[in-house]
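Participant: here is my input; please provide its structure:
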Amino acid sequence: MKRRAVELRQYSDLSGHIEDVKIRPNQTTEIHKIKIICIFFVSSLMHCKYHVLLSLTDPTRSICLTEACVTVASKIVEALDRSADPCQDFYQYACGGWVRKNPLPDGRSRWSTFNSIWDQNQAVLKHLLGQQGVSEAERKTQSYYLSCLNEQRIEELGAQPLIDLIAKIGGWNITESWDKDNFLDILKIVSGPYRAQPFFTVGVSVDPKNSNSNVIQVDQSGLFLPSRDYYLNKTNEKVLKAYLDYMVELGLLLGGDKNSTRVQMQQILDFETVLANITVPQDERRDEEKIYHKITIADLQVLAPAVEWLDYLNFVLSPLELNDTEPVVVYAKEYLQQVSDLINKTDHSLLNNYMIWNLVQKGASSLDQRFENAQDKLLESLYGTKKSCTPRWQTCIGNTDDTLGFALGALFVKATFDKQSKEIAEGMINEIRTAFKDALDDLNWMDEQTRQAAKDKADAIYDMIGFPDFILDSKELDDVYDGYEVTEDNFFQNMINFYNFSARVMADQLRKPPNRDQWSMTPPTVNAYYMPTKNGIVFPAGILQAPFYAQHHPKALNFGGIGVVMGHELTHAFDDQGREYDKDGNLRPWWQNSSVDEFKNRTECMIDQYTQYTINGEHINGKQTLGENIADNGGLKAAYHAYRSWVKQNGEEKRLPAVNLTNDQLFFVGFAQVWCSVRTPESAHEGLMTDPHSPPKYRVIGTLSNSPDFAEHFQCPLGSPMNSGHRCEVW
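Facilitator: From the prediction side, this is the model:
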């Protein structure tokens, strides 16, 4: 049986974590569109008399008055803040109007172009799920979705499904008696078939130093809150209190006694705080050469003796039979030593409570409204959201995409994806690749040998566009989900079955070579990513539409939108982490030392630049965001130069009406408006703690202030905020 797993590790994406929902494509009703066009067409003529008259005498200044041009010009003008000086604050200039017209919707912690695209598209997915599925996998998708929608049945079952599961595993001291001597048994069950990850994660993925094979990988984990800072930084006490209240409420809903539940949950929280203390911060884990350690299971046993690793891994990766010479890649050597010591000195009742708590967290989201209400209170503290106003069907589409996303993607692609988009995207990628390679010749800091190897790596980057081909083959799609049982009347059981199924799929990968065409994002996703171990870039169907790309939009906007996205992902191959992988996806030193030193000097400039930026008085972590900042800067430069090459070959385009911008200026405005967004202070704080991307405002300001092309076309005087005279450039 063919089996394609979704890869869980190692990719750099475009947009970062969005905690409300995943993000997908846009549909505007025709009536609404025509209304906008009619209103805007009149205003265009009023605003554009000067330009239209000028175009009669000067054909090079002609205006584009097609429906697509008038509609997109309307959107651009609405988003602008003409009162702002583009050389003082380009984000305010490009997005001030958008921010004014887009107050944060109720129940949301952030709102952006990405969110609005997904929201508008959910109606399409809802409609598709209401039609008869062709393949067995598509029918499973519809059954899963219906089970999530069946709130009456979910309310009838209440907490019982999770209570029964806990009893089956061996009990929980918070709600009933438990077996005192079963630490390893509980660890195996919780982290094997139920995929909870107390203490550490175990997975199977591509071996970074041997990209033709898969290997067991072990890393740090075990925290419920978004990052270690929430446990260790005193400014987060409000969140810790809300988290404890949430823990207690769940314990009570599952049958715990009020007094003893609070005492025991406080012990679990204290234990997690100790785990947070030994967890290595993300910004200290960016050098993958340093954190990669390939050892055997026997070595792992010596490193972290509190766990009987051979027994544990044989169970988690059943039905495989491993011996103690099996290789394992460890990414958190010191952490595993310390967590082993912590396990050995911690009371077994607390260890058991903590492990079952990990399982409870995973199961609670599939239970009745009381559990959702408890979670809403925690989310308000974490992200500043009031009670969720999202209709149940929208939540269920997100859940369905998380679980059966490639079958859902098959429905989506067949209904919406324009095949021509794939060819156009491939052409643009090649234009941007050429621009990136040409720019390498202008880098005086890079030695010739490394420069040539970098060009070879750029040439070898493998692009995947739209969707993986297997989803359109019913048999292949059915094979992917073969063995996953779904019913229409038990949402909780569907979720448990999926954890069991994904555990089997993971184990199945270990003895197989990596599949180059394996995707980590589903086709409807509005995002893109780079895979270092495959040297591949992926652009799901969801991102190949407005505002990123539209067939009849000016090329300036398409290059400023999807073009910068393509340049961003391509540049990830050469950021501080991607550059450590060669053209075949292997983690090895392939640069000359002199060029490594020069590269590091330039990245220090970027770390310092972004660390100076603040949101609500908090500084960005320039180390944590380095890779994404390198990709943003390199992507913009490559896409702009590719656009200029296109103009040289094809001539200047007509301008948009009423926008009053040159097409070069339009490129930069189009880029900036992709990042228009609003968010709560709590959500902004969470982003600074956890997101490898800079906040949207500084993805615009940081990148453009480093661009001489931007400064030239907006005539920003030297010394102005957007042209300080001190630029950071890596690529």
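
Participant: from residue 332, how far off is residue 303?
Facilitator: 10 Å (CB to CB, to the nearest Å). Using the backbone N, CA and C atoms, a C-beta is placed for each residue, glycine as well.

Participant: also residue 598?
Facilitator: The spacing between residue 598 and residue 332, counted by CB to CB, is 30 Å.

Participant: of residue 303 and residue 332, which one has the most company?
Facilitator: Taking neighbours as other CB atoms under 10 Å, residue 303 and residue 332 compare with residue 332 leading, 21 against 18.

Participant: so residue 724 touches residue 704, yeah?
Facilitator: No. Judged on CB atoms under 8 Å, residue 724 makes no contact with residue 704 at a distance of 11.5 Å.

Participant: of these two, which one has the most company?
Facilitator: residue 704 (25 against 14).

Participant: tell me the contacts of the more buried one?
Facilitator: The contact partners of residue 704, by CB atoms under 8 Å, 6 or more residues apart in numbering, come to 90, 636, 668, 671-672, 710, 722.

Participant: next one: residue 339
Facilitator: The contact partners of residue 339, taken as CB under 8 Å, 6+ apart, are 199-200, 220, 222, 275, 278, 304, 306.

Participant: count of neighbours near residue 133?
Facilitator: 18.

Participant: which one is it nearest to, not counting chain neighbours?
Facilitator: residue 139 (4.2 Å; CB to CB, 6 or more residues apart in numbering).

Participant: can you get me a residue count around the one you found?
Facilitator: 15.

Participant: elements contacting the host helix or strand of it?
Facilitator: Take DSSP states H and E as the rule and residue 139 turns out to sit in helix 136-149. Packing partners of helix 136-149 (3 or more CB pairs under 8 Å, 6 or more residues apart in numbering; DSSP states H and E): helix 113-129, helix 392-416, helix 474-480, helix 491-509.

Participant: starting at the chain centroid, how far to it?
Facilitator: 25 Å (CA atoms, centre = their mean, to the nearest Å).

Participant: one step back: between the contacts of residue 704, which sits nearest residue 338?
Facilitator: residue 636 (41.6 Å; CB to CB).

Participant: could you say which helix or strand holds the closest one?
Facilitator: helix 626-650.

Participant: just how off-centre is that helix within its chain?
Facilitator: So, by CA atoms, centre = their mean, the centroid of helix 626-650 is 22 Å from its chain's centroid.

Participant: show me where pLDDT drops low in the stretch 351-500 of the chain?
Facilitator: Residue ranges of the stretch 351-500 of the chain with pLDDT under 70: 388.

Participant: mind checking how far the residue nearest to residue 133 is from residue 406?
Facilitator: 14 Å.

Participant: same thing with residue 619?
Facilitator: Taking CB to CB, one finds residue 619 at 40 Å from residue 406.

Participant: residues in contact with the nearest residue to residue 709 once chain neighbours are set aside?
Facilitator: Spatial nearest neighbour of residue 709, excluding adjacent residues (CB to CB, 6+ apart): residue 640 at 5.4 Å. By CB under 8 Å, 6+ apart, the residues touching residue 640 are 559, 667, 707, 709.

Participant: reformat the residues you listed as JSON lines; add distance to residue 467.
Facilitator: Formatted as JSON lines, the contacts of residue 640 follow (distance: CB to CB, whole Å):
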{"residue": "559", "distance to residue 467": "23"}
{"residue": "667", "distance to residue 467": "28"}
{"residue": "707", "distance to residue 467": "33"}
{"residue": "709", "distance to residue 467": "34"}
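
Participant: so which of these sit within strands?
Facilitator: Among those, none falls in strands (DSSP state E).

Participant: specify which member of those residues is nearest to residue 660.
Facilitator: Distance ranking of those against residue 660, using CB to CB, places residue 667 first at 15.0 Å.

Participant: and the closest one, how many residues sit next to it?
Facilitator: By the criterion of other CB under 10 Å, residue 667 has 29 neighbours.

Participant: kindly report the same for residue 624.
Facilitator: 26.

Participant: how about residue 715?
Facilitator: Residue 715: 11 surrounding residues under other CB under 10 Å.

Participant: need the pLDDT of it.
Facilitator: Looking at residue 715, its pLDDT is 96.

Participant: measure the residue lying closest to it once chain neighbours are set aside to residue 300 for me?
Facilitator: Using CB to CB, 6+ apart and skipping residues adjacent in sequence, the residue nearest residue 715 is residue 87, 7.7 Å away. Per CB to CB, residue 87 is found 56 Å from residue 300.

Participant: likewise residue 115?
Facilitator: Residue 115 is 42 Å from residue 300, by CB to CB.

Participant: residue 167 too?
Facilitator: For residue 167 relative to residue 300 (CB to CB), the value is 32 Å.

Participant: more crowded one of the two?
Facilitator: Applying other CB under 10 Å to residue 167 and residue 300 shows that residue 300 carries more neighbours, namely 26 against 13.

Participant: how about that one, secondary structure?
Facilitator: helix (DSSP: H, G, I helix; E, B strand; the rest coil).

Participant: what's the pLDDT at it?
Facilitator: pLDDT at residue 300 comes out at 98.

Participant: residues in contact with the closest residue to residue 511 other than its chain neighbours?
Facilitator: The spatially closest residue to residue 511, leaving aside those adjacent along the chain, is residue 320, at 7.1 Å (CB to CB, 6+ apart). Going by CB under 8 Å, 6+ apart, residue 320 touches 314, 507, 510-511.

Participant: and which of the residues you listed is nearest residue 441?
Facilitator: residue 510 (43.3 Å).
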